[in-house]
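>>> no FASTA, just this:
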């Protein structure tokens, strides 16, 4: 249940990002929704990754179980991808 609560905001924010791009293609207002979702993805993912890292660091087992490792990898990939995307968009506008 905890993993679902951690992953759900990233999926919702990615859906908002895609929805804003669909809005762009149809000619509607899209910039505010795009900026909002991209900013929150760039902030939420590293914060959630940091909290998960502290939580896993406090436990006594040495090897992470597979679901925990997958969650850490997911948050790391999402964080890296969207921060690089934001830096790219800032440099090319």
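Cool, got the structure. Nothing here was measured: the structure is a model prediction, and the numbers come from that model. Numbers count the residues shown, from 1 in each chain.

>>> Check which helix or strand residue 22 maps to.
Using DSSP states H and E, residue 22 falls within helix 2-26.

>>> Tell me the helices and strands packed up against that helix.
helix 31-57, helix 66-91 (3 or more C-beta pairs under 8 Å, 6 or more residues apart in numbering; DSSP states H and E). All C-beta atoms are positioned from the backbone trio N, CA, C, and that covers glycine.

>>> Please produce TSV containing those helices, extended by mean pLDDT and mean neighbour count.
Output for the helices and strands packed on helix 2-26, formatted as TSV (pLDDT from 0 to 100; neighbours: other C-beta atoms under 10 Å):
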stretch	mean pLDDT	mean neighbour count
helix 31-57	91	15
helix 66-91	92	14
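
>>> so which of these gets nearest residue 14?
Closest to residue 14 of the helices and strands packed on helix 2-26 is helix 31-57 (C-beta to C-beta; 7.1 Å).

>>> Against which helices or strands is the closest one packed?
Applying 3+ C-beta pairs under 8 Å, 6+ apart, one finds that helix 31-57 makes contact with helix 2-26, helix 66-91.

>>> if I pick residue 13, what's in contact with it?
37, 40-41, 44 (C-beta atoms under 8 Å, 6 or more residues apart in numbering).

>>> Closest one to residue 1 out of the residues you listed, please.
Closest to residue 1, out of all of the contacts of residue 13 and judged by C-beta to C-beta, is residue 44, at 18.5 Å.

>>> Could you measure from the closest one over to residue 32?
Residue 44 sits 18 Å away from residue 32, going by C-beta to C-beta, to the nearest Å.

>>> likewise residue 75?
26 Å.

>>> What of residue 20?
Distance from residue 20 to residue 32, by C-beta to C-beta: 8 Å.

>>> Same check on residue 58?
The gap separating residue 58 from residue 32 is 39 Å, by C-beta to C-beta.

>>> now swap in residue 47 and tell me
Distance of residue 47 to residue 32, computed by C-beta to C-beta: 22 Å.

>>> Lovely, talk soon.
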